[in-house]
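J.: predicted model, plus sequence, below.
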Amino acid sequence: MGSETFSRKQALDILAAAPAEMLAERYALLASNLPSATPVRGPEIGTVMIRGRAGGGGAAFNLGEASVTRATVKIAGGEVGHSIILGRDQRKAQIVAHLDAVRQLNAWVGRIDDEILRPAFELINAEKLRRAEETEATLVDFFTVARGED
């Protein structure tokens, strides 16, 4: 992503996927300047059903349950921020909801994007690339394996 701003959905996706420690560190640098937030709901911990499809196109089936944490906050201007994150990290859910609410203020979009979202996006993509390279190294190409028959 270049210098354009992220959509709200993109921002929430990045914040939810960002490592909690990295998010907390960057949030702490901004927290004293951010408008204060009042909790509306949560943070609450619950579960969701994870569904899957065999081969990506088969019939859907229940794979299992996963823990999620959600939070909703409101800032003085009336903006409401929401978060739903995978796992049981209540502090991360509060941070994501607060950043979602504050990011609705035009004055904060650029700063949050530059100081939190872009570094988190780069970190997430670097981790995806590392995992893909690690997986590629263990890939077996069965079409080149000889059967041993003449």
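T.: Cool, the structure landed.
J.: in a strand, Gly58, correct?
T.: No. Assessed with DSSP: H, G, I helix; E, B strand; the rest coil, Gly58 is coil; it does not lie in a strand.
J.: I'd like the numbering to begin with 402 instead of 1 from here.
T.: Sure, I'll start counting at 402 from here, so that last one is Gly459.
J.: neighbours of it, just the number please.
T.: Gly459 has 9 neighbours, counted by other Cβ atoms under 10 Å. No exception for glycine: its C-beta is placed from N, CA and C like everyone else's.
J.: repeat that for Arg452.
T.: Other residues close to Arg452 by other Cβ under 10 Å number 10.
J.: do the one 3 residues further on as well
T.: By other Cβ under 10 Å, 9 other residues sit near Ala455.
J.: ditto for Gly447
T.: Neighbours around Gly447, by other Cβ under 10 Å: 13.
J.: my guess is it contacts Arg471. True?
T.: Yes. Between Gly447 and Arg471 a contact is recorded at 7.3 Å, counting by Cβ atoms under 8 Å.
J.: list the buried ones in the lengthiest helix in the chain?
T.: The helix spanning the most residues in the chain, taking DSSP state H as the definition, is helix 519-538. Buried residues in helix 519-538, counted by 16 or more other Cβ atoms under 10 Å: Arg519, Ala521, Phe522, Ile525.
J.: okay, those in CSV with pLDDT next?
T.: Compiled in CSV, those are given as follows (pLDDT from 0 to 100):
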residue, pLDDT
Arg519, 93
Ala521, 92
Phe522, 92
Ile525, 90
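J.: sounds good, over and out.
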